[in-house]
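# this one's sequence-less:
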C-alpha cells in the first residue's frame, strides 16, 4: 500500500484498488463496472496518485458530493483534466479563446440566478413536447435509409446524427453546418476529460480554437438577427431591462460551445449503450418489442446500467469527510456516477439489466441537486422515441457477432464508437420495409 500526500483521517485510502485505477486504457474502458464492484467493497473512497483526484464510488457518497455544493465546488467541471502544454496554450491564444464560466461550472450566487432563465429558454415543457413529432419523423427517416439493407452501424447511421440534428436545431445551427459543428464538439471530450499526449493535445487545442470561433460567429449572427432559437432567447433575456449584468457576450459564446457538445454527445452515447444492453439481454429486448409501453422504464434502466456520463468532477472548498475519509480543502474529487448507479445497497442485483426495475429512476446519470442536467427531459424523450421506432420496425435485429466495442479514453463520457447490427430484411414486420 502506498502512502498518499493529503491525509485520510486515520486510514490510508491508497491501496491496491487505487493503484490499479487507470480510466484511460483497457480493461477499464471496455468494462468499468467490473472495477467498481471491487472498489465499492474495498476502497469506496481512494486517492488516485496518477490523476491527483480523490475518487468516490458509493451511491450515498456521490450524492453527498453533488448535493453539498457549498463544500464541493463545480468550478473545475470543464477544466481540462490534463494541464495544457505550452504549444496547446499557444493554439488557444492564437484563436483568442477565453472560455469563461457557464452554468455547468458555476457556483452560487451566480448559478441559481442564471439557471432559471437558461432552463426556461432551453427546456420548457411546451418546447420539449413540441419536439416529439419531429424527433419521431427523423428516427423513421433514418431507419428508412437502411431498413432493407440487413446490416448497419447504428452509431454512424442513426445515433450519431439524429441527436445532433435535434440539439443543433434548438441552438439555431443551420443544417449545412451540422457536420462541421458536431466534428468540433466530438473533440471536446478528449480535450477536456482525456489524457492526450502533448502532440495530441496541441492538435485538439487547434480544433477547440476553431470550435470557439464557430460558436462566436453564431452568437454574433444572433446578436444582429435574433430568431426563435435558444441563443436568441438568451439574448432576449439579456436585453430585458434589469438583466444587463446577467450575461455578457463571452458567457453566451461559452454556453453555445458547451451546449453544442452536451446537447447531443450524451444522447448519442446513451442510445448506443442502451441498444447494446438490450440486444445483449435478448429477453429484455423481446419484452420491449412486445410492449412499447416499457420504453420509458427501459430508458431509466439504460441510464442506470450503462450511462453515457459515468463521472464528474468537483473541487473541495473546505475540509470535508466522505465515507469516513477526510478530504482536505483544495483537493479534487472524481464522483463516479456510473459506480454509484451499480451500488447494490440501492439497486438490488445491480449488475442485472432489468427494464422493469422499480427504482431505476433513482440513478444519478443526470446528477442531482443544483446542477441536475437541464437537458434530461429532451434526452429521455429522444431515447424513448428511438427505442419505440427501432423495436417496431426492426424487432428481429441482433448484434453482429465478434465485434469489438471501442471507447474514447476519457474519465467521464462513455459510448461505443460503433454498434453493428444485422437482420433478415425479408422478414421485416412492416411489408413496405421489405426489399422489393
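Arrived safely, thanks for sending. These numbers were taken from a predicted model, which means no experiment stands behind them. Numbering: from 1, shown residues only.

# Could you tell me which residues make contact with the residue nearest to residue 44 when sequence neighbours are not counted?
Closest residue to residue 44 in three dimensions, ignoring its sequence neighbours and counting by CB to CB, 6 or more residues apart in numbering: residue 58, at 4.6 Å. Bear in mind the C-beta positions are built from the backbone N, C-alpha and C, glycine included. Neighbour list for residue 58: 40, 44, 45, 323, 339, 340, 343, 345 [criterion: CB atoms under 8 Å, 6 or more residues apart in numbering].

# Kindly recompute the last result at 7 Å.
Taking CB atoms under 7 Å, 6 or more residues apart in numbering as the criterion, residue 58 is in contact with 40, 44, 323, 340, 343.

# As a markdown table, those with distance to residue 84 and neighbour count would be great.
Below are the contacts of residue 58 laid out as a markdown table (distance: CB to CB, whole Å; neighbours: other CB atoms under 10 Å):
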| residue | distance to residue 84 | neighbour count |
| --- | --- | --- |
| 40 | 33 | 22 |
| 44 | 32 | 25 |
| 323 | 32 | 17 |
| 340 | 30 | 31 |
| 343 | 35 | 19 |
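
# Show me which of those is closest to residue 185.
Lowest distance from residue 185 to the contacts of residue 58 (CB to CB) belongs to residue 340, with 26.5 Å.

# Count the neighbours of residue 372 for me.
In terms of burial, residue 372 registers 13 neighbours under the definition other CB atoms under 10 Å.

# on that earlier part again, out of the contacts of residue 58, list just those in strands.
Among those, the subset assigned to strands under DSSP state E is empty.

# closest to residue 214 among the residues you listed?
Proximity of the contacts of residue 58 to residue 214 was ranked by CB to CB; the top entry is residue 340 with 35.2 Å.

# Buried residues, stretch 56-71. List them.
Applying a neighbour-count criterion of 16 or more other CB atoms under 10 Å, the buried positions in stretch 56-71 are 56, 57, 58, 59, 61, 62, 63, 64, 65, 66, 69, 71.

# Skip the chain neighbours and tell me the closest residue to the last one.
If I follow you right, that is residue 71. Taking CB to CB, 6+ apart as the measure, residue 71 lies nearest to residue 320, with 5.1 Å between them; neighbours along the chain are not counted.

# Can you tell me the element residue 233 falls in?
With elements delineated by DSSP states H and E, residue 233 resides in helix 230-238, which encompasses its position.

# residue ranges with poor pLDDT in this structure?
1-14 (pLDDT under 70).

# what packs against the longest helix seen in it?
In the chain, with assignment by DSSP state H, the single longest helix is helix 198-224. Based on contacts counted as 3 or more CB pairs under 7 Å, 6 or more residues apart in numbering; DSSP states H and E, the elements that helix 198-224 packs against are helix 86-94, helix 178-193, helix 230-238, helix 249-262.

# out of these, deepest packed?
Using mean count of other CB atoms under 10 Å, the stretch among the helices and strands packed on helix 198-224 with the greatest mean number of neighbours is helix 249-262 (a mean of 22).

# what element comes up after it heading to the C-terminus?
For helix 249-262, the succeeding helix or strand toward the C-terminus, using DSSP H and E, is helix 265-280.

# neighbours of residue 326, just the number please.
Other residues near residue 326 number 17, with proximity taken as other CB under 10 Å.

# Can you tell me how far residue 314 is from residue 83?
Taking CB to CB, to the nearest Å as the measure, residue 314 and residue 83 are separated by 18 Å.

# Please identify which of those two sits among more neighbours.
residue 314 (25 against 10).

# element containing that one?
Counting by DSSP H and E, the element that carries residue 314 is strand 312-316.

# That strand to helix 178-193, inter-axis angle?
What separates the directions of strand 312-316 and helix 178-193 is an angle of 40 degrees, with axes from the mean of the first three to the mean of the last three CA atoms, to 10 degrees.

# Strand 312-316 pairs with which strands?
In the sheet containing strand 312-316, the strands it pairs with under DSSP bridges are strand 72-73 (antiparallel), strand 332-335 (antiparallel).

# And the last one, how far out from the chain middle?
The chain centroid and the centroid of strand 332-335 are separated by 17 Å, computed with CA atoms, centre = their mean, to the nearest Å.

# contact partners of it?
Contacts with strand 332-335, where a contact means CB under 7 Å, 6+ apart, come from 51-56, 62, 65-66, 72, 76, 311-316, 327, 411.

# Selecting buried members of the residues you listed in PyMOL, what would you type?
Here the buried members of the contacts of strand 332-335 are turned into a PyMOL selection, burial being counted by 16+ other CB under 10 Å:
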select buried, resi 51+53+54+55+56+62+65+66+72+311+312+313+314+315+316+327+411
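
# If anything else comes up later, I'll come back, but that's it for now.
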